[in-house]
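Student: Pasting a predicted model and its sequence here:
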Amino acid sequence: MDSNSEKETVETRDDVLREGSEPLNVDSVTAMAEKKASDEIAMEVENLMAGKSDVFSPAERMASNAREQATAAADALRRGEFMRDAAVDPEADNDDRLIALLCYVTQMVIPLVMPVLVLLSESSKKRPFQRFHAVQSLALVSLFVLVSLLVTIGTAIISIIPVVGWLIGLTVLCLSPIAVLMGYFAVGYYGFQSYLGKRFGIPGLTSFLKDQGWL
């Protein structure tokens, strides 16, 4: 350890002499030695964190990303922000806008069908505007379905508990119509915006899709 410290001090002193930026003294040599040691520690920590990220499986990275985007979406909704980076796509024609609208509003009646048909259609695959809204609407409705299933399963499990479970089940039952109306409002609102020829990001969801390379 002493030999290494002496070696670093000698190297630092040589650097000072070469640079000629300040006179050779103990304070300057010590300061440069501490800076070099700090830089080495920072590099080791960075390498360690990079190695740690490689240990995570794709599913773990996806779950972590989903949690981050869910937090971002919750913050955006609290601020009343329903869209991000909305801009009119000049290349979107009337057919593109109509199909984008249908990708959203048909979810009120036949979920998942229209976006899947658009993604499977060879002609629609060549239209970036159609594909963008097909993927986004499909992900949005899939999220609604997933949340509904989780709430239903969770409520069924909790309802086993006497009194408390029944109260929670009754609360969920009363809030369900409101949740459905909010879902209808969301797909209607996003459908209308897409019919105006806009590309936009849904807080949390669109960022997650882009991070996964799906959009």
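Tutor: Arrived safely, thanks for sending. Residues are numbered from 1 along each chain as shown.

Student: same for the strand or helix carrying F132, what does it pack against?
Tutor: When elements are defined using DSSP states H and E, F132 is found to belong to helix 128-158. Using 3 or more C-beta pairs under 8 Å, 6 or more residues apart in numbering; DSSP states H and E as the contact criterion, the elements in contact with helix 128-158 are helix 94-105, helix 113-120, helix 122-125, helix 164-195, helix 205-211. Where you see a C-beta, it was placed from the backbone N, CA and C, and this is true even at glycine.

Student: at 6 Å instead, please
Tutor: helix 94-105, helix 113-120, helix 164-195 (3 or more C-beta pairs under 6 Å, 6 or more residues apart in numbering; DSSP states H and E).

Student: Tell me how far the last one lies from the chain's centre.
Tutor: This points to helix 164-195. On the basis of C-alpha atoms, centre = their mean, to the nearest Å, helix 164-195 sits 23 Å off its chain's mean C-alpha point.

Student: I'd like the average pLDDT over that helix.
Tutor: Across helix 164-195, the average pLDDT comes to 93.

Student: follow-up on the earlier one: so what angle separates the directions of the helix holding F132 and helix 94-105?
Tutor: Between the axes of helix 128-158 and helix 94-105, defined by axes from the mean of the first three to the mean of the last three C-alpha atoms, to 10 degrees, the angle is 0 degrees.

Student: follow-up on the earlier one: how about the helices and strands packed on helix 128-158, which one is nearest G80?
Tutor: Shortest distance between G80 and the helices and strands packed on helix 128-158, using C-beta to C-beta, is found for helix 164-195: 12.7 Å.

Student: Could you give me the buried positions within the closest one?
Tutor: V172, G183, A186, V187, Y190, G191, Q193, S194, Y195 (16 or more other C-beta atoms under 10 Å).

Student: returning to that earlier point: pull out the buried residues from the helix holding F132.
Tutor: When burial is assessed from 16+ other C-beta under 10 Å, helix 128-158 yields the following buried residues: 129-141, 143-144, 155.

Student: Pick out whichever of the residues you listed sits closest to V105.
Tutor: Using C-beta to C-beta, the shortest approach to V105 within the buried residues of helix 128-158 belongs to S137, at 9.2 Å.

Student: Might you report the residue contacts of the closest one?
Tutor: For S137, the residues meeting the contact criterion (C-beta atoms under 6 Å, 6 or more residues apart in numbering) are C103, Y104, P115.

Student: 7 Å instead?
Tutor: C103, Y104, Q107, P115 (C-beta atoms under 7 Å, 6 or more residues apart in numbering).

Student: Verify the stated contact: the last one with A134.
Tutor: Yes. Contact status for P115 versus A134: in contact at 4.3 Å, counting by C-beta atoms under 7 Å.

Student: Spell out which residues are contacts of both of those two.
Tutor: Taking C-beta under 7 Å, 6+ apart as the contact definition, P115 and A134 share the neighbouring residues C103.

Student: re the thing from before, and the helices and strands packed on helix 128-158 as a markdown table, adding distance to L149?
Tutor: Conversion of these to a markdown table gives the following (distance: least, C-beta to C-beta, whole Å):
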| stretch | distance to L149 |
| --- | --- |
| helix 94-105 | 21 |
| helix 113-120 | 18 |
| helix 164-195 | 13 |
